[in-house]
Each structure stands twice: as structure tokens, then as C-alpha cells.
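*Asks:* I need the structure of the sequence given here:
(one chain, ligands or ions: 1)
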Amino acid sequence: MNTTKPTLPTPDDAALWYEDRLYLADQRVLPERAEFLSYQQAPEVAEAIRAMVVRGAPAIGVTAAYGVVLAGRAAHATAGVGWKTAIEADLERLAASRPTAVNLFWAIRRMRALIERLDTTDPTPALLREALAIHEEDRAANHRMGDLGAELIEGPTDIVTHCNAGAIATGGYGTALGVVRSAFAAGKIRRVYADETRPWMQGARLTAWELMHDGIPVTLQADGAAASLMAGGSVGWVIVGSDRIAANGDVANKIGTYGLAVLARYHGIKVMVAAPTSTVDMEVASGAEIPIEERDSDELLSCGGRRLAPAGCVARNPVFDVTPAALVDAIVTERGVVLNPTTEKMRALMDSSMGER
Ligand SMILES: CSC[C@@H](O)[C@@H](O)C(=O)COP(=O)(O)O
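*Replies:* Presented below is the predicted three-dimensional model:
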């Protein structure tokens, strides 16, 4: 738990618990403004996830866990010994906030498992201990993935990354950017090329901010600039995170990742996906079964509050796509690395006990 009142968010501060409430770094306004918003009610946390105050699959999971703490506290305050029934509506609200990032459902499932073991007294302390453990385990997993991913890279090389899979998208340190941080420290990375990532600009706003904060050389590029960069021959790896990995190793990630993976294969560049096992969903056989979030087309039709497209223009705004396992060279998790993923290899990874609860 944080011991000082959160004031100015750093990349490691996506979600923090201080005293009796949750603080979220408002990722909608970074880096122009660095500010926390505070939450004491689970429905407001669900809305913050939906509105992308907090985003990035692992950070969404951590936030949902803290949301369950608030839900438990409110349920006990209103229903007393009947809190386990009263909490249900908030659990459902949290689960309905975003559909693709499976870490959300994983975190709620883990909190539910604890709820089942608790008695009818005030659940707040026990729920908070579990949420803090989820947060801390995610941070530790990212450091482990950083080490494992960095080992795969023969440097020095340039890297392309897409969206933001950094500290601010997780419990801390980052998944893809955790690998970048560890590999840069080992002298294996010259420069990171960050796709701007239309329409939410997570690359321009968050990845560039994080890497500049750490002094890691970063160059921002338009999403469409990746192909010509790759043709130049300096890029050794595309490194990205994931919102959900299917049982066969298909990877759902920010829209545009699939295109990057196709480009990478054409240019002989390797693709690494760094994600904790809380992102692996063995209940979906392949990427075709992963629900892909479709957000409001206004996110695409406008930019920075200014309308871009003509009035009446139709737009589609799927915010994730699926990269087939055949285009993925390595999936890096805290339990180990899966090269050229298949269902058998993913099952072996998930059956392994390291880090398992
Ligand atoms: C460590 S975050 C990995 C993914 O969650 C990230 O690349 C991504 O697609 C995030 O999407 P977002 O819509 O910003 O929540």
C-alpha cells in the first residue's frame, strides 16, 4: 500500500491504493497533464475503465481488483451479513466495463474465489490484501518477463513497439516495455520506434512519455511508417503486449499489431509478445473466439476535439486485432518463454506450477 498521498503520477503509477481509496493516473490527459483521480465507489471504477482513465490489460485487472475492494466495503456497509449477495451487482458492473482484456475477468475471478472463502464479517481488509497481492505479483511478473525477453535479443538492435505496453499499462515496469527496459540496460537496444497508435495515440502520448522518462532513445512514427523503417534493416524485433492470448497462441492486441506482424515476417524481423499468464485464456481455442471491442466511431472521426471526417462519414473502430500464432516468434510470460507457440506448448506453460496459486 502507498504510504504517501499520491500527487504527481509517474509511469509506474497507473493504479494506487492510499488510505481508504483508489487513485488512478488519468491516462486520457497524459502527458499534457499528470494528475490522479480518486475513487471510493466500484461503479465509478467500472466507468473509469470503460472511459479509459486506466487502460492496458494488466492495469485494468489490477484496477478491477481494487474496485472489488470498494464493492465489498459498500456491500457490507449497506447489507451487513448479506454482503455476498449485495456485492454481485458491482462485480457485474466491473466485468462489463471492457470486453477484450481478459486480465479484467481473471482478476474478478480471483477476487470471487476469495469472497467464497470469507465469512459474513467486514471483508474490506481481506479483499484489500488480495488486491495488493495481485498488484505486486503483476509488477514482479513484469520484471521476470523483462529478464526472459531481454535474453532473446541479440543486440544492439532497433525495436518497433505498438500501443503502450509499459509501466502505466500494468502494475509497474511494463510487459513489452519491461523487456525494452531490461534489454536496454543490458546494452542490447539502440532505439525504440513507437507507433503513434491511432486513434487513442497510446504510443505518442504514453510510450514516448515513459521511454523519455527513463532516458531510453525513442522515435515516434506514424503507424504507416513501420514498413519503410523495416525495409531499412535496422530493426531486429517487434515487441508488443497483449490483451488476450488464446489457447493456440493467437494474440489479441491493439489494432494494427496484426499488420505489423505480417510486415515483420516479410522483412525477416522477429515478433515477441510479452504478457503475464493472467493474459492467457485457455478457454478460447483460437483468436477467432476472442471478443473484439468496437468503440465509438467518434474516436476515429475526430482528433483532439476537432472533427476530421466529413459529416455523415461512416467509420469502423475495432480497437484490437488478432495476430495468428504462426506470425509470433516468442510469447514471453513470467513462467517462461514459448517459442513458435502451439496449443500443446501453451498448455504445457499453463500447466507448469511456477508462479501458480
Ligand atoms: C501491457 S498492455 C498490453 C495491451 O493491453 C496493450 O498493448 C493494448 O492493446 C492496450 O489497449 P488499450 O485499449 O489502450 O487498453
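
*Asks:* in stretch 187-200, what counts as buried?
*Replies:* Of the residues in stretch 187-200, K188, I189, R191, V192, Y193, A194, D195, E196, T197, R198, P199, W200 count as buried by neighbour count, 16 or more other C-beta atoms under 10 Å. Yep, even glycine has a C-beta here, placed from its N, CA and C like the rest.

*Asks:* again with stretch 304-313
*Replies:* For stretch 304-313, burial by neighbour count (16+ other C-beta under 10 Å) applies to no residue.

*Asks:* contacts for the helix or strand where E116 lies?
*Replies:* Taking DSSP states H and E as the definition, E116 sits inside helix 102-117. Helix 102-117 is contacted by residues 49, 57-58, 60-62, 64-65, 68, 72, 84, 87, 91, 94-95, 97-98, 123, 126-127, 130-131, 134, 243-244, 276, 278-281, 357 when judged by C-beta atoms under 8 Å, 6 or more residues apart in numbering.

*Asks:* list the buried ones in it?
*Replies:* V102, N103, L104, F105, W106, A107, I108, R110, M111, L114, I115.

*Asks:* for stretch 51-61, same thing?
*Replies:* Across stretch 51-61, burial judged by 16+ other C-beta under 10 Å covers M52, V53, V54, R55, G56, A57, P58, A59, I60, G61.

*Asks:* if we can go back for a sec, any chance of the buried residues of helix 102-117 in TSV, plus pLDDT?
*Replies:* Formatted as TSV, the buried residues of helix 102-117 follow (pLDDT from 0 to 100):
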residue	pLDDT
V102	98
N103	98
L104	98
F105	98
W106	98
A107	98
I108	98
R110	98
M111	98
L114	98
I115	98
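
*Asks:* and the ligand, which of the buried residues of stretch 51-61 contact it?
*Replies:* Among these, the residues lying close to the ligand (C-beta under 6 Å from any ligand atom) are R55, G56, A57, P58.

*Asks:* Name the SS class of P310, please.
*Replies:* At P310 the chain is in coil, as set by DSSP: H, G, I helix; E, B strand; the rest coil.

*Asks:* near the ligand, from the buried residues of stretch 187-200?
*Replies:* Among the buried residues of stretch 187-200, the residues lying close to the ligand (C-beta under 6 Å from any ligand atom) are W200.

*Asks:* Mind checking which of the buried residues of stretch 187-200 land in strands?
*Replies:* Among the buried residues of stretch 187-200, the ones falling in strands (DSSP state E) are I189, R191, V192, Y193, A194, D195.

*Asks:* Quick check, the first one in contact with T157.
*Replies:* Just to be clear, that refers to I189. Yes - in this structure I189 lies within contact range of T157 using C-beta atoms under 8 Å: 6.6 Å.

*Asks:* Identify the residues contacting T277.
*Replies:* So T277 contacts A141, T333, E334, R335, L349, M350, G355 (C-beta under 8 Å, 6+ apart).

*Asks:* Local confidence estimate at the residue in the chain that the ligand sits nearest to?
*Replies:* Closest contact between the chain and the ligand, by C-beta to the nearest ligand atom, is at G241 (2.7 Å). Looking at G241, its pLDDT stands at 98.

*Asks:* Reformat the buried residues of stretch 51-61 as a markdown table; add secondary structure and pLDDT.
*Replies:* Formatted as a markdown table, the buried residues of stretch 51-61 follow (DSSP: H, G, I helix; E, B strand; the rest coil; pLDDT from 0 to 100):
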| residue | secondary structure | pLDDT |
| --- | --- | --- |
| M52 | coil | 98 |
| V53 | coil | 98 |
| V54 | coil | 98 |
| R55 | coil | 98 |
| G56 | coil | 98 |
| A57 | helix | 98 |
| P58 | helix | 98 |
| A59 | helix | 98 |
| I60 | helix | 98 |
| G61 | helix | 98 |
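
*Asks:* ok, so what distance separates the residue of the chain closest to the ligand from A131?
*Replies:* Per C-beta to C-beta, to the nearest Å, G241 is found 21 Å from A131.

*Asks:* Which of those two has more residues huddled nearby?
*Replies:* Comparing G241 with A131 by neighbour count (other C-beta atoms under 10 Å), the higher total belongs to G241, at 31 against 28.

*Asks:* excluding its backbone neighbours, what's nearest the residue in the chain sticking out farthest from the centre?
*Replies:* In the chain, counting by C-alpha atoms, centre = their mean, V81 sits farthest out from the average C-alpha position, at 35.4 Å. In space, V81 comes closest to T120 once its chain neighbours are excluded; the distance is 4.0 Å by C-beta to C-beta, 6 or more residues apart in numbering.

*Asks:* how many other residues sit next to that neighbour?
*Replies:* Quick note: T120 (other C-beta under 10 Å) scores 12 neighbours.

*Asks:* Would you confirm that it contacts K84?
*Replies:* Yes - T120 lies in contact with K84 (C-beta under 8 Å); the separation is 7.4 Å.

*Asks:* rewinding a little: and the residue nearest to V81, what does it touch?
*Replies:* Residues counted as contacts of T120 (C-beta under 8 Å, 6+ apart) are G80, V81, G82, W83, K84.

*Asks:* and those residues near the ligand, which?
*Replies:* Among the contacts of T120, proximity to the ligand is found for none (C-beta under 6 Å from any ligand atom).
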